[in-house]
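Enquirer: Predicted structure and sequence below. I'll ask about it afterward.
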Amino acid sequence: MSASLLRKGLELLESAGEEYQKHQAADHFKKNMQYMMGTHFVADSTITEKILTQNRGRKAKDCPVEKVKKQQPEGTVFTEDDFQRFEREYFGRAGTI
């Protein structure tokens, strides 16, 4: 092979590598961290208290759960004699179902 073909091949590889680097996603993490660490803005405490009091209790987890009182099971109004009397009247004979 000739030297000119080798040079053209190398140039082609270099340009392909440069194009690949251009299309790669840039990592902006360090720049973003420097920006975030560089800005030291602290809000006024009265403003933060207003925001906290406004938002307090608006979430479902902050609302207390109302306890449902369990109802006592009601006792029966009828006695065993009433049931036996009903059986006799309805079925004719007591205890022969």
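Expert: Perfect, thanks for sending it. Numbers count the residues shown, from 1 in each chain.
Enquirer: What are the buried residues along stretch 22-31?
Expert: Residues of stretch 22-31 classed as buried by neighbour count (16 or more other CB atoms under 10 Å): none. Quick note: C-beta positions are derived from backbone N, CA and C, even for glycine.
Enquirer: start to end distance for that stretch?
Expert: Criterion CA to CA, to the nearest Å; first-to-last residue distance in stretch 22-31 is 19 Å.
Enquirer: for it, what is the average pLDDT?
Expert: Stretch 22-31 shows a mean pLDDT of 82.
Enquirer: can you list contacts of that stretch?
Expert: By CB atoms under 8 Å, 6 or more residues apart in numbering, no residue outside stretch 22-31 reaches it.
Enquirer: now it, how far from the chain's geometric center?
Expert: Centre-to-centre, stretch 22-31 and its host chain are 31 Å apart (CA atoms, centre = their mean, to the nearest Å).
Enquirer: now the helices for this structure?
Expert: When secondary structure is read from DSSP state H, the chain shows helices at 3-23, 29-38, 45-55, 80-91.
Enquirer: how about the CA coordinates for stretch 38-47, as CSV?
Expert: Taking Å, rounded to 0.1, in the frame of the first residue of the first chain, the C-alpha atoms of stretch 38-47 are listed here in CSV:
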residue,chain,number,x,y,z
GLY,A,38,-21.8,28.0,44.7
THR,A,39,-25.2,29.5,45.2
HIS,A,40,-25.8,30.0,48.9
PHE,A,41,-29.2,31.5,49.0
VAL,A,42,-31.0,30.9,52.3
ALA,A,43,-34.7,31.8,52.5
ASP,A,44,-35.9,33.9,55.4
SER,A,45,-37.1,31.8,58.3
THR,A,46,-40.5,33.6,58.4
ILE,A,47,-41.1,32.6,54.8
